[in-house]
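In: please work out how this folds:
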Amino acid sequence: MKRGKKYTEAAKLVDRSVLYDAPEAIALLKKATYTKFDETVELHIRTGCDGRHAEEQIRGAVVLPNGTGKTVRVLVFAKGAKADEAQAAGADFVGAEELIPRIQNEGWLDFDVVVATPDMMGVVGRLGKVLGPKGLMPNPKAGTVTMDVTKAINDIKAGKIEYRLDKSNIVHVPVGKISFTEEQIQQNFDAIMAAIVKAKPAALKGTYMKNITLTTTMGPGVRLNPMRFMA
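Out: Sure thing, here's the model as predicted:
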């Protein structure tokens, strides 16, 4: 893959043969950024899990101490008093069955996270083929199927992110924005890593974290030393 001149220059700052510690990696990312927009700092963890087995699945959520740097649009499926509560808590969109055709037939997806009260999951389940592949399906483990819609909305708006294995058994999560201070990025990184270390499946026999990379939207990847996170 042919890379641009600016990327090539940025990549020269990173030694591909070195496994860095997180503070060094974050400093390198700050130094290597070259775009005019505020890039997202991303964390990619290749695991030794086999997501085809339920007992080796990883899924959860964590609130980043310094947020994601992004405004998150929240859709809540709720009725009656819970719908009113969601509106009061600052949900961007609130509704019930009437939203199904809008999402299913019109392709409306102007939201980033979906929260649902348990009684609405029968309705939301009809959207599985649309929301599932986009990672938008509410899930109790992620705290997005709940009666406490106020807490769910507040956490999401404060910087709550979900982590889960993709089909290649890799976890991809945002750590913040490159405009954050190194300390802010480090704090967010520490919170994510603590949650993912804790989420290690008991059934896993081999290496949990095989490869850890920090990168930005357009920048080169910086590999971290996985041994730092092995218990």
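In: tell me the secondary structure for the residue most central in space within the chain?
Out: The centre of the chain sits closest to V173, judged by C-alpha atoms, centre = their mean, with a distance of 3.8 Å. Of the three states, V173 takes strand according to DSSP: H, G, I helix; E, B strand; the rest coil.
In: that one and R164 touch, don't they?
Out: No: in terms of C-beta atoms under 8 Å, V173 does not count as a neighbour of R164; the distance is 9.2 Å. From N, CA and C alone the C-beta is placed, and that goes for glycine too.
In: packing partners of the top helix by length along the chain?
Out: Secondary structure of the chain per DSSP state H: the longest helix is helix 182-198. On a contact count with 3 or more C-beta pairs under 8 Å, 6 or more residues apart in numbering; DSSP states H and E, helix 182-198 meets helix 22-32, strand 40-47, strand 59-63, strand 160-164, strand 170-177.
In: the same query, at a cut-off of 7 Å, please.
Out: Applying 3 or more C-beta pairs under 7 Å, 6 or more residues apart in numbering; DSSP states H and E, one finds that helix 182-198 makes contact with helix 22-32, strand 40-47, strand 59-63, strand 170-177.
In: the second one: partners in the sheet, and parallel or antiparallel?
Out: In its sheet, strand 40-47 lies beside strand 170-177 (antiparallel), strand 209-216 (antiparallel), with partners assigned from DSSP bridges.
In: wait, which of those is closest to M120?
Out: Smallest distance to M120 across the strands paired with strand 40-47 (C-beta to C-beta): 26.7 Å, for strand 170-177.
In: what residues does the closest one touch?
Out: 38-47, 58, 64, 66, 68-69, 161, 163-166, 184-185, 188-189, 192, 196 (C-beta atoms under 7 Å, 6 or more residues apart in numbering).
In: quick check: ChimeraX command selecting the buried ones in the residues you listed.
Out: Buried subset of the contacts of strand 170-177, written as a ChimeraX selection, criterion 16 or more other C-beta atoms under 10 Å:
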select :39,40,41,42,43,44,45,46,47,58,64,66,68,69,161,163,164,165,184,185,188,189,192,196
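In: show me how the protein divides into domains.
Out: 5-67+160-229, 74-157 (automatic domain parsing).
In: any idea of the mean pLDDT for the shortest one?
Out: When pLDDT is averaged over domain 74-157, the result is 94.
In: run the chain-centre distance for it.
Out: 17 Å (C-alpha atoms, centre = their mean, to the nearest Å).
In: got the end-to-end distance for it?
Out: Taking C-alpha to C-alpha, to the nearest Å as the measure, domain 74-157 stretches 8 Å from start to finish.
In: and stretch 12-31, by the same measure?
Out: Taking C-alpha to C-alpha as the criterion, the two ends of stretch 12-31 lie 11 Å apart.
In: mind listing what's buried in it?
Out: Applying 16+ other C-beta under 10 Å to stretch 12-31 flags V14, Y20, A22, A25, I26, L28, L29, K30 as buried.
In: and G107, that's in a strand?
Out: No: counting by three-state DSSP, G107 falls outside a strand, being coil.
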